[in-house]
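> no sequence on this one, just coordinates:
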Ligand SMILES: [Ca+2]
C-alpha cells in the first residue's frame, strides 16, 4: 500500500455503478426483455375483404359490405363491367363469379407465403434468444428443463437440482430486512414478524448459504420499504416452515418485518491511530488475511464466514490448486506469520475471470477447518441488496502490499483511507478510458499518492455504515501504484453477491 499525505480533490458525482441490483429483476423474475411478446401481424386479417370497409363512394351507396359479398350481381354493377375502375377485390369478392375465383388463389398464396415468412422470422428470432421452447418460464440452471414463472419460488421443487427454489429469500439494506420472493406478485416482499421464530430464521440463513452455527437471531422492525408482507403459514399441526409462505397485503397485525442476522460480522475494535498508516492493533481489521504459498505472502483476502475467504481471481488464476495455499488470519506482521501454522484450504472457486480485461476478478477460498472467531479474527459483512455506496464515500483499504510500485511487500499491515470514485470519472479518457465495467469499482485519489499496490491484491475495500464494516470491493488492479489519475480498481462485491451466495450454498 502506498500512502503519502495529499489532499483529495472531492469528486461529487454519484457512483451509480453500485446500484444495478435495484433495476435488475430477481434472478427468477420474468426478465423484461427475455420473453418478447409474439410480434403482432398487422396485415389484413382477411385480405379478401380488405377494401370493403372503405369502398369507393359509388359502391357504398348501393351495397353494404355484406351485400357486396353475397348479393352482388353483375347487372347491378355496371361500373365494373365497363372497367372504369381498377379491377381487383371489388370484382373478386363475388363468390359466384367463376373468373374471379381463379384470380383469388394467387392472392391467397401470396398471403400464405407472407405469413410463412413472418413465422420463419419469428422462429429465427426466438431461436436466437434461446427461448424457443421456454416462452412462459425460465430454464433450470443445471439442465435445459423449462419451468414456468409461476413455478419459481412456489415451494415445490421443479428443477431437478431445485434451483427454482434456492434464491427465494434475500437480505435487504443495512438493517438486514428479510425479503422473500412472491411468485404471486412477482416481487420481493418483507416477511411479517407474526409467526416468525428462530427455527425459521436458521432455515432461511441456511438456504442463503450460511452455516446454522453462525446464526445470530432476528429482530422485529417497522419498515417502510414495502407495504406488502409475506406471512408465515402454519399447517394444521401448528408447525411452520419456510416453504409454507403466502402473500397477503393487509394481514400483518404487528405491521413489523423480520430483520435477520445470519452471522455476527463487520465489528472491530476501534483503536486506530488517526492519520497513521501502520496498523498497530490486531482487532482493527480482523477480517484481513494473508494468502501464502510456501510461506511467501502473495495476496490478501477477507474473512466472510469461519469457512470462507474472499480474494481476487487473478491471485489464484495461475495457482488454482487449493493444496498449495495457506491462509493466515489474526496477524499484523509477516514475522509472526513465519512462526504460525496457518489454515489449509480445501477448495478454490474462481469466477469467470478474464485476465485480459480483469473482468470478474473475484474468487473464494474454503478452509479445511473453520476459523476460530476471536476479537482478532472476525468476518466482515457482505453487503446486502439495496445498499448503495456512492462516491465520494470514505472507505479503507488494508494489506501487506508493497509501499511503492515494484517494491517488496510491507513487513506490517498497512491501512489507507481513500474515497470511492464514480465510474463515469474513472472511465474518462485521462483516467481508465472505458476499461471500468460494472464488475469493478474505482477508489483512491485522482491526484495520486495513496493506493493499493502489489501484494494488496484480493484484500478488502471496506466502508462503515450503520456501525458495521461492509466488504465493498476486493483489490484487483491499477496502472502502477498511486500515480496521478490512476486510482485503484476493485472487484465490485455488491455485483458478485448472488455468485458468492451460490458458491457458499453449493460447497
Ligand atoms: Ca418450484
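Perfect, I can see it now. None of the values given here were measured: they were computed from a predicted structure. Residues are numbered from 1 along each chain as shown.

> And for residue 433, the neighbour number?
Burial of residue 433 is recorded as 10 neighbouring residues (other CB atoms under 10 Å). Yep, even glycine has a C-beta here, placed from its N, CA and C like the rest.

> Quick check: closest non-adjacent residue to it.
Closest residue in space to residue 433, ignoring its immediate chain neighbours: residue 427 at 7.0 Å, by CB to CB, 6 or more residues apart in numbering.

> can you check residue 319 too?
Nearest in space to residue 319, with sequence neighbours left out and distances taken as CB to CB, 6+ apart, is residue 293 at 6.1 Å.

> Provide a list of residues in contact with the one you found.
The neighbourhood of residue 293, defined by CB atoms under 8 Å, 6 or more residues apart in numbering, consists of 319, 324-326.

> can you give me how far the longest helix along the chain is from the chain middle?
For the chain, the helix reaching the highest residue count under DSSP state H is reported as helix 98-128. Computed by CA atoms, centre = their mean, to the nearest Å, the separation of helix 98-128 from the middle of its chain amounts to 43 Å.

> can you offset everything so residue one is 43?
New numbering, starting at 43: the last item is helix 140-170.

> Which SSE is immediately downstream of it?
With elements assigned by DSSP states H and E, the helix or strand that comes after helix 140-170 is strand 179-181.

> re earlier: of the contacts of residue 335, buried ones?
For the contacts of residue 335, burial is judged from neighbour counts taken by 16 or more other CB atoms under 10 Å, and it is met by 367-368.

> Just to be sure, which of the contacts of residue 335 are found in strands?
Using DSSP state E, the members of the contacts of residue 335 that fall in strands are 367-368.

> which of the contacts of residue 335 come close to the ion?
The overlap between those and the neighbours of the ion (CB under 5 Å from the ion) is empty.

> between the contacts of residue 335, which is nearest residue 521?
Within the contacts of residue 335, distances to residue 521 taken as CB to CB reach their minimum at residue 361, with 24.0 Å.

> Apart from its neighbours in sequence, what residue is nearest residue 543?
Looking at residue 543 with CB to CB, 6+ apart, the closest residue is residue 251, at 4.3 Å.

> so what pLDDT did the one you found get?
At residue 251 the predicted local distance difference test score is 95.

> For the residue lying closest to residue 188 once chain neighbours are set aside, give me the pLDDT.
Spatial nearest neighbour of residue 188, excluding adjacent residues (CB to CB, 6+ apart): residue 176 at 3.5 Å. Per-residue pLDDT puts residue 176 at 75.

> Pull up the gap between the residue nearest to residue 361 and residue 519, please.
As judged by CB to CB, to the nearest Å, residue 335 and residue 519 stand 20 Å apart.

> Quick check: which element contains the residue in the stretch 443-549 of the chain that the ion sits nearest to?
Nearest residue of the stretch 443-549 of the chain to the ion: residue 547, at 16.4 Å (CB to the ion). Residue 547 belongs to helix 535-548 when assigned by DSSP H and E.

> starting at the chain centroid, how far to that helix?
9 Å.

> Please identify the buried residues of it?
Here helix 535-548 shows 535-539, 541-546 as buried, counting by 16+ other CB under 10 Å.

> Also stretch 415-426?
Applying a neighbour-count criterion of 16+ other CB under 10 Å, the buried positions in stretch 415-426 are 415, 418-426.

> Verify the stated contact: the residue nearest to residue 475 with residue 479.
No - counting by CB atoms under 8 Å, residue 479 is not a contact partner of residue 469; they are 9.1 Å apart.

> Point out the other helices and strands that the longest helix of the chain packs with.
helix 131-134 (3 or more CB pairs under 8 Å, 6 or more residues apart in numbering; DSSP states H and E).

> Looking at strand pairing, list the partners for residue 368.
Applying DSSP bridges to residue 368 gives these bridge partners: residue 334, residue 386.

> Before we move on, what's the pLDDT of it?
For residue 368, pLDDT reads 98.

> What residues does residue 296 make contact with?
Shown in contact with residue 296 (CB under 8 Å, 6+ apart): 234-236, 262.

> Show me where the stretch 243-392 of the chain dips below the pLDDT cut-off.
266-269, 276-281, 285-286, 288-292, 313-318 (pLDDT under 70).

> List the contacts of the residue of the stretch 443-549 of the chain closest to the ion.
Contacts of residue 547 (CB under 8 Å, 6+ apart): 208, 249-251.
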